[in-house]
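S.K.: The following block contains a protein sequence and its predicted model.
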Amino acid sequence: EPEVTQTPSHQVTQMGQEVILRCVPISNHLYFYWYRQILGQKVEFLVSFYNNEISEKSEIFDDQFSVERPDGSNFTLKIRSTKLEDSAMYFCASSENRRYGYTFGSGTRLTVV
Amino acid sequence: QKEVEQNSGPLSVPEGAIASLNCTYSDRGSQSFFWYRQYSGKSPELIMSIYSNGDKEDGRFTAQLNKASQYVSLLIRDSQPSDSATYLCAVTPTQGGSEKLVFGKGTKLTVNP
């Protein structure tokens, strides 16, 4: 079963530091996404990415966030200056056809102290 | 703000019973509907998708959609302890070809042996 791979599984960072969360989507998928889930809350959409550009982003995805596909396999989420409220589980997802739902990665738990 | 509402539970059923999970959504034009299963501390896992009114069956799972009532449900037959998880309803909103998923907060299901 193909998987979406995320690294690291857990990252602890100091407030104000930059973090990069990494994802390797399923190889034949074309659509890529980042979601986050604050503990005990809903899964929330951050951004979608297709054809090497952002196709949609939420109000959460402000100037502190950026995404990149630096090569043919990796998809990254950067948070430039982390805040305490950025502490959450971050999920990468990919889809072959966006109508049919996505496959989520196992997540990165980000803890900002 | 487009909303997806679920009864947070917990819903407790005995092993072998039918578990019924419900979801309502506010965006009348929504086209795609998904059920995800999320074990504690893990990522969402797609278990069912449904796009047209009526029932869709896959093994022990049946998804039901009623667009007039803006209601989607998931039935789990012959419930097993391994089905104990939080079940997330997710909907694709209509605006501008959006491909994001809007999630409900989830219903926690416990299947008692």
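M.R.: That came in fine, so what should we check first?

S.K.: Now do the contacts for residue B:62.
M.R.: B:55-56, B:74-75, B:77 (Cβ atoms under 8 Å, 6 or more residues apart in numbering or on different chains). In this view, the C-beta of every residue, glycine as well, is placed from N, C-alpha and C.

S.K.: filter the residues you listed to the buried ones?
M.R.: Among the contacts of residue B:62, those classed as buried by 16 or more other Cβ atoms under 10 Å in any protein chain shown are B:74-75.

S.K.: quick one: which two of the contacts of residue B:62 are the most distant?
M.R.: Greatest spatial distance among the contacts of residue B:62 (Cβ to Cβ): B:56 and B:77, at 13.7 Å.

S.K.: Without its sequence neighbours, what residue ends up closest to the residue nearest the centre of chain A?
M.R.: Centroid-nearest residue in chain A, with Cα atoms, centre = their mean: residue A:34, separated by 3.3 Å. Computed as Cβ to Cβ, 6 or more residues apart in numbering or on different chains, the closest residue to residue A:34 that is not its neighbour in sequence is residue A:46, at 4.3 Å.

S.K.: is it fair to say that neighbour lies in a helix?
M.R.: No. Assessed with DSSP: H, G, I helix; E, B strand; the rest coil, residue A:46 is strand; it does not lie in a helix.

S.K.: What are the buried residues along stretch B:7-26?
M.R.: The neighbour-count check on stretch B:7-26 (16+ other Cβ under 10 Å) flags B:11, B:13, B:19, B:21-25 as buried.

S.K.: Kindly report the same for stretch B:47-62.
M.R.: Within stretch B:47-62, the residues that count as buried by 16+ other Cβ under 10 Å are B:47-50, B:61-62.

S.K.: Same question for stretch A:32-40.
M.R.: For stretch A:32-40, burial by neighbour count (16+ other Cβ under 10 Å) applies to A:32-37.

S.K.: want to throw those residues into a markdown table with secondary structure?
M.R.: Output for the buried residues of stretch A:32-40, formatted as a markdown table (three-state DSSP):
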| residue | secondary structure |
| --- | --- |
| A:32 | strand |
| A:33 | strand |
| A:34 | strand |
| A:35 | strand |
| A:36 | strand |
| A:37 | strand |
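
S.K.: can you pull the contacts of the residue nearest to residue A:34?
M.R.: Here residue A:46 is in contact with A:33-36, A:57-58, A:60-61, A:65, A:77, A:90 (criterion: Cβ under 8 Å, 6+ apart).

S.K.: give me that answer again for 6 Å
M.R.: By Cβ atoms under 6 Å, 6 or more residues apart in numbering or on different chains, residue A:46 lies in contact with A:34-36, A:58, A:60-61.

S.K.: At the contact with chain A, which residues of chain B appear?
M.R.: Within chain B, the residues that sit near chain A (Cβ under 6 Å from any Cβ of the partner chain) are B:32, B:34, B:43-44, B:46, B:49, B:99-100, B:103, B:105.

S.K.: can you tell me how far residue B:68 sits from residue B:28?
M.R.: Distance check for residue B:68 against residue B:28: by Cβ to Cβ, to the nearest Å, it reads 9 Å.
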